[in-house]
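>>> show me the folded form of this:
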Amino acid sequence: MAALIALPSNIYRYACQASGWHQLPLVVMTVCVSLLEVVPLELQRRIVNDAVKDRNYRYVLVLCAVYVGAVLFQGGTKLVLNIYRNWVGEAAVRDLRRRVHSLVEATSEASSTLEAEGIQASMIVAEVEPVGSFVGGSVSEPLLQAGILCSVLAYMIHVDVRMAAVAILFFMPQLIFVPMMQHAMNRRTRVRVRLLRRLSVSAVEGGGDPVRDRDDDERIERVFHLNMGVYKFKFSMNFLMNLSTQLQIIGVLAVGVWAVLHDQLEIGGVVAFVSGIGRITDPWGDLVNYFRDANINQVKFGLLRDAINQQALEPTAE
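Presented below is the predicted three-dimensional model:
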């Protein structure tokens, strides 16, 4: 039997341990994709302005060709990034599965209890896959989304400070209600993970005990209410985020069109701004999802760590 190696205390430490130097090229590609995000916005602005003002169609075609090249380069880089990132995640899943397999061998050689078998079944089915997959994007995913947010916001401020101020004003409420609602979902998710593990243990132990069956039914009912609570918060948060986005677009159009009518801004700037708001919404939503997944997977990793480390630290029988 292969010796069990203890897991580190934190999922991010495990990500560094499992992926090592592979995080470096992931970070480099992430920075490239983030910086390239503003190129299409600037090209949109120039294409519209040249078509409306100069009516130089040949130059518009040149800019369209550059646009195609920029999109292909950014898309290709992102394709490689996603494949590489998932390869790193799958390598971590493989490592965790091997550790759990070693744990199963160790406990089967000892007097394994049904509770231990239930915990192992839960680890293999419900915990190893998402935890390992999270490792691949643990560094690059928040860096990518935060980088896109910062680069697009900086570009919007460069184009027109007034429209940027309006967009940021309507974006600010999300910084208040999103963390609050996310925290409420995280609390429910942590309890749900522990209840599902307990149900896995009970399933392995088998039925027949009226008290245990009643407790299991109560756990199932509680999981149902926890899931419904998460759904209510999740979809309410999505509604409020979408409302905030639409208010940003309306505010930008109101200010931008006024500036165009008073010859203080070109129409291409308004087009680029509306497109830029969409490029802010997606990474912000992805960041929210990332931190939700990080919280869930930290809980699952903690359960894996406790089970594996307990066996790894036990003295080996002679």
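>>> any idea of the mean pLDDT in stretch 293-313?
Stretch 293-313 comes out with an average pLDDT of 77.
>>> in it, what counts as buried?
Using 16 or more other CB atoms under 10 Å as the test for burial, stretch 293-313 gives 293-305, 307-309, 311-312. Every residue, glycine included, has its C-beta placed from N, CA and C.
>>> quick one: which of the residues you listed sit in helices?
293-305, 307-309, 311-312 (DSSP state H).
>>> test my guess that Arg97 contacts Ala91.
No: using CB atoms under 8 Å, Arg97 is not in contact with Ala91; the gap is 10.8 Å.
>>> quick one: residues contacting the closest residue to Ala51 other than its chain neighbours.
Excluding its sequence neighbours, the residue lying closest to Ala51 (CB to CB, 6 or more residues apart in numbering) is Val60, at 5.5 Å. Taking CB atoms under 8 Å, 6 or more residues apart in numbering, we find Val60 in contact with Ile47, Asp50, Ala51.
>>> check which helix or strand Val60 maps to.
helix 57-109 (DSSP states H and E).
>>> quick check: mean pLDDT of that helix?
85.
>>> starting at the chain centroid, how far to it?
Mean-position distance between helix 57-109 and its chain equals 14 Å (CA atoms, centre = their mean, to the nearest Å).
>>> what's the following helix or strand after the lowest-mean-pLDDT helix or strand in the chain?
Least confident helix or strand, the chain: helix 114-122 with a mean of 55, by mean pLDDT, DSSP states H and E. Using DSSP H and E, the helix or strand that follows helix 114-122 towards the C-terminus is helix 128-137.
>>> residues near the closest residue in space to Arg85 that isn't next to it in sequence, how many?
Nearest non-adjacent residue to Arg85, counting by CB to CB, 6+ apart: Gly136, 4.4 Å away. Counted by other CB atoms under 10 Å, the residues lying close to Gly136 total 26.
>>> mind checking how far Gly136 is from Ser244?
Remark: distance between Gly136 and Ser244 (CB to CB, to the nearest Å) = 30 Å.
>>> can you tell me which residues contact the residue nearest to Trp87 when sequence neighbours are not counted?
Computed as CB to CB, 6+ apart, the closest residue to Trp87 that is not its neighbour in sequence is Gly136, at 7.3 Å. Counting by CB under 8 Å, 6+ apart, Gly136 touches Ser19, Arg85, Asn86, Trp87, Val88, Gly89, Glu90, Ala92.
>>> next, count neighbours for Tyr14.
Neighbour count of Tyr14, defined by other CB under 10 Å: 23.
>>> quick one: residues contacting it.
Applying CB under 8 Å, 6+ apart, the residues near Tyr14 are Leu7, Pro8, Ala92, Val135, Phe301.
>>> drop anything exposed from those residues.
Neighbour counting with 16+ other CB under 10 Å marks Leu7, Ala92, Val135, Phe301 as buried within the contacts of Tyr14.
>>> mind checking how far Leu72 is from Val39?
For Leu72, the distance to Val39 (CB to CB) stands at 12 Å.
>>> the two: which is more packed in?
Applying other CB under 10 Å to Leu72 and Val39 shows that Val39 carries more neighbours, namely 18 against 10.
>>> what sits against the residue nearest to that one when sequence neighbours are not counted?
Once flanking residues are discounted, Val39 sits nearest to Ala70: 4.6 Å by CB to CB, 6+ apart. Counting by CB under 8 Å, 6+ apart, Ala70 makes contact with Leu36, Val39, Pro40, Leu43.
>>> could I have the CA atoms of whatever helix or strand the third one lives in written out in PDB?
This points to Pro40. According to DSSP H and E, Pro40 maps onto helix 38-49. Output of helix 38-49 as PDB, limited to C-alpha atoms (Å, rounded to 0.1, in the frame of the first residue of the first chain):
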ATOM      1  CA  VAL A  38     -10.000  46.500 -24.500                       C
ATOM      2  CA  VAL A  39      -8.700  46.100 -28.100                       C
ATOM      3  CA  PRO A  40     -12.200  45.200 -29.600                       C
ATOM      4  CA  LEU A  41     -13.700  48.200 -27.800                       C
ATOM      5  CA  GLU A  42     -11.200  50.600 -29.200                       C
ATOM      6  CA  LEU A  43     -11.600  49.100 -32.700                       C
ATOM      7  CA  GLN A  44     -15.400  49.400 -32.500                       C
ATOM      8  CA  ARG A  45     -15.100  53.100 -31.500                       C
ATOM      9  CA  ARG A  46     -12.700  53.800 -34.400                       C
ATOM     10  CA  ILE A  47     -14.800  51.900 -37.000                       C
ATOM     11  CA  VAL A  48     -18.000  53.800 -36.100                       C
ATOM     12  CA  ASN A  49     -16.300  57.200 -36.000                       C
END
